[in-house]
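1. got a sequence here, can you model it:
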Amino acid sequence: MKAILAAMALALTAGAAGTAFDNATASRIAILHGGRVKPLDSCAREVLRSITGKERFPGYWDSVTQHQIEVFGDAEPVEAFLRLVAEPERFRALNFIRVDHPELKQKYRLDENRIFFSLRDFDGCREELQAESRRIDADNATSAQRALLSLIRKQNYVQAIFEERLLAIVPVPFGPTGGWMTPADLRIYFSEAQPTDPRFRAVKTALDEFLKKDPTKDREQTLRKIVSEFARVKSGLAKGEFGEVNLAVAGLAAALKAANPAEYPSDEDIDRELSYQKLQPFSLAAGVFALALLIYIGAYVFDSGKVWAFGVASQMAGIGMVAYGYALRWTIAGRYPLSNHYESMIMVAFGAGIISLIAELILRRRVFGLAGTTVSCLMILLAQTVPIFAEQSAISNLQPALQTFWMTIHVPIIMTGYAGAAIICVLGHIYLFTHILRRESPGKEAALEALDVVMYRALQVTVLFLLTGILLGAVWAGEAWGRPWGWDMKETWALITLIAYLVTLHGRFTGYVRGLGTALCALGGFMLVILCYYGVNFIFGKGLHTYGFGSGEIWPVVAFFIFEAVLMGASAAVGIARRRKPPLDAGTE
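-> Residues are numbered from 1 along each chain as shown. Coordinates of the predicted model:
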């Protein structure tokens, strides 16, 4: 009780008259969410990202009404999250639940011109949605079916927030899983109403036992304080009285920590995760890689050693920032951070940075660093900004199938192979654009010859990592599923991709594939990588690798493949046309 009184006194003297939400105090409240105790700030970011596609969601432009729709305004994630709790009726009618999948909109008669919908928009099809979701086999779901499951999850998320079922902030464990309680659980417990459902019986049993161990009644007073302060938080937010809200938040935070200190996370753990969320190291790394890319372009164009050195230093800084972000995620999660598509994309960015930096330091070709920083920057940007990837960025517990030593070996190696494939693809684009746009000259031929050698070196590294990754994956499959190979869709596409690069490497080694051929194969091979890495997980959605599945769209892939096909066709046509011309006189430039 002394801790609570001290905190309340501090709040009274420090800012009762404040008009802004006290995000710093509210963010530090611990919550049990997704099987992990974390700051409320992390939970709020994850929930908002899952529902809206973004951690902060001020509003959006509605193409149907031609108006700007305000949702959360300038509210930080925690304030937005608590507003959902405080004003359920207002948000029930507000369009902020993101639905992208066109097939889903068409099937359930949703406006195909809109992206955001309200809970009320689903009133006419909610039972149909629920019935369909129960018929879906999650392990073999199509992209549209996974989109439906995602929509149901979003609806359940929002409904759970409205009913306060998601706010497991009271550190009193109950039931067989040891889940935390919500303020609503305490409110019901201290009221005359006594529900008989299994969950509340478990809550009541745990609270009876918890309070019995404290003859001084301090625990009961603290729990009642939690109920009253949380009610004040909701009331103040609904009325917009932030002075009142901030006092209540301070009292609530102190009471929660005092209720059961043995269960509450340490300040160090809370600070570490809040620092990670505030710093956003991967976003920062993307900016550093973009800077390094620009510097490498300057070094490549002007053939400057000094500019090249700055590029190397910037690339090292970007790699260091990614490593720091990985270290923070590793410490926070207590496991190797490579369990979903988001984390694997960051690994591709990290691998591209490492292998291209090593190649640059050895060969000093400038173009290696240019290609590597391009891949690193783009992969992080895609992971951070594309909703289907970004929604997997939450730090979560590791699935049982991934709790093995092999994951820390197989996945980084195969991701580094994909990084090598992406680097070759960028080099191939540089080769093709140089081939098409640059005037014929001995200087151009020399540049293309140098690029061909660089692509060959990158191809060797890529094949090495892909082959090693597949072999280690077979060992892991033998341990996990009792067979090293089963023609699972991911395994099949990985083998097809490896064979494509092996054929290219063999052709380059024997002299059948050189220059333009190597560049064309680089683009074609990377399209196979996309089908293996993205297609199997987000479009085809079949196989045993269900831990990485999502509900992606096919049209961005189709558009990219069309662009690549046009570029490859144009390059081949230019090459054929130039071969028919008489050879260039050696004396001309």
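
2. in this protein, what helix or strand scores lowest on average pLDDT?
-> Within the chain, judged by mean pLDDT, DSSP states H and E, the helix or strand with the poorest mean is helix 2-15; its value is a mean of 47.

3. how is the chain divided into domains?
-> 1-29+169-278, 280-398 (automatic domain parsing).

4. identify the residues contacting the helix or strand hosting Phe289?
-> According to DSSP states H and E, Phe289 maps onto helix 281-302. Under the criterion CB atoms under 8 Å, 6 or more residues apart in numbering, residues 304-305, 307-308, 310-311, 314-315, 317-319, 321-322, 324-325, 328, 346, 349, 353, 366-367, 369-370, 373-374, 376-377, 380-381, 383-384 lie in contact with helix 281-302. For glycine as for every other residue, the C-beta is placed from the backbone atoms N, C-alpha and C.

5. which strands or helices does the longest helix seen in the chain pack on?
-> Longest helix of the chain, by residue count under DSSP state H: helix 442-481. Contact here means 3 or more CB pairs under 8 Å, 6 or more residues apart in numbering; DSSP states H and E; on that basis helix 442-481 packs against helix 341-363, helix 367-385, helix 407-437, helix 489-510, helix 516-530.

6. swap the cut-off to 6 Å and go again
-> The contact analysis (3 or more CB pairs under 6 Å, 6 or more residues apart in numbering; DSSP states H and E) places helix 442-481 against helix 407-437, helix 489-510.

7. of all the ones you listed, which lies closest to Phe190?
-> helix 407-437 (45.9 Å; CB to CB).

8. buried ones in the closest one?
-> Within helix 407-437, the residues scored as buried using 16 or more other CB atoms under 10 Å are 407, 409-432, 435.

9. thinking again about what came up before, can I get the helix holding Phe289 as PDB, trimmed to CA atoms?
-> What follows is helix 281-302, C-alpha atoms only, in PDB (Å, rounded to 0.1, in the frame of the first residue of the first chain):
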ATOM      1  CA  PRO A 281      16.500  -0.700 -35.200                       C
ATOM      2  CA  PHE A 282      15.600  -2.400 -38.400                       C
ATOM      3  CA  SER A 283      13.900   0.700 -39.800                       C
ATOM      4  CA  LEU A 284      16.900   2.700 -38.900                       C
ATOM      5  CA  ALA A 285      19.100   0.100 -40.600                       C
ATOM      6  CA  ALA A 286      17.100   0.400 -43.800                       C
ATOM      7  CA  GLY A 287      17.900   4.100 -43.900                       C
ATOM      8  CA  VAL A 288      21.600   3.400 -43.300                       C
ATOM      9  CA  PHE A 289      21.600   0.800 -46.100                       C
ATOM     10  CA  ALA A 290      19.900   3.300 -48.400                       C
ATOM     11  CA  LEU A 291      22.600   5.800 -47.600                       C
ATOM     12  CA  ALA A 292      25.300   3.200 -48.300                       C
ATOM     13  CA  LEU A 293      23.600   2.400 -51.600                       C
ATOM     14  CA  LEU A 294      23.800   6.000 -52.700                       C
ATOM     15  CA  ILE A 295      27.400   6.200 -51.800                       C
ATOM     16  CA  TYR A 296      28.200   3.000 -53.600                       C
ATOM     17  CA  ILE A 297      26.500   4.300 -56.700                       C
ATOM     18  CA  GLY A 298      28.800   7.400 -56.500                       C
ATOM     19  CA  ALA A 299      31.800   5.200 -56.100                       C
ATOM     20  CA  TYR A 300      30.800   3.000 -59.000                       C
ATOM     21  CA  VAL A 301      30.000   5.800 -61.400                       C
ATOM     22  CA  PHE A 302      33.000   8.000 -60.500                       C
END
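
10. before I go, just wanted to say thanks for your time.
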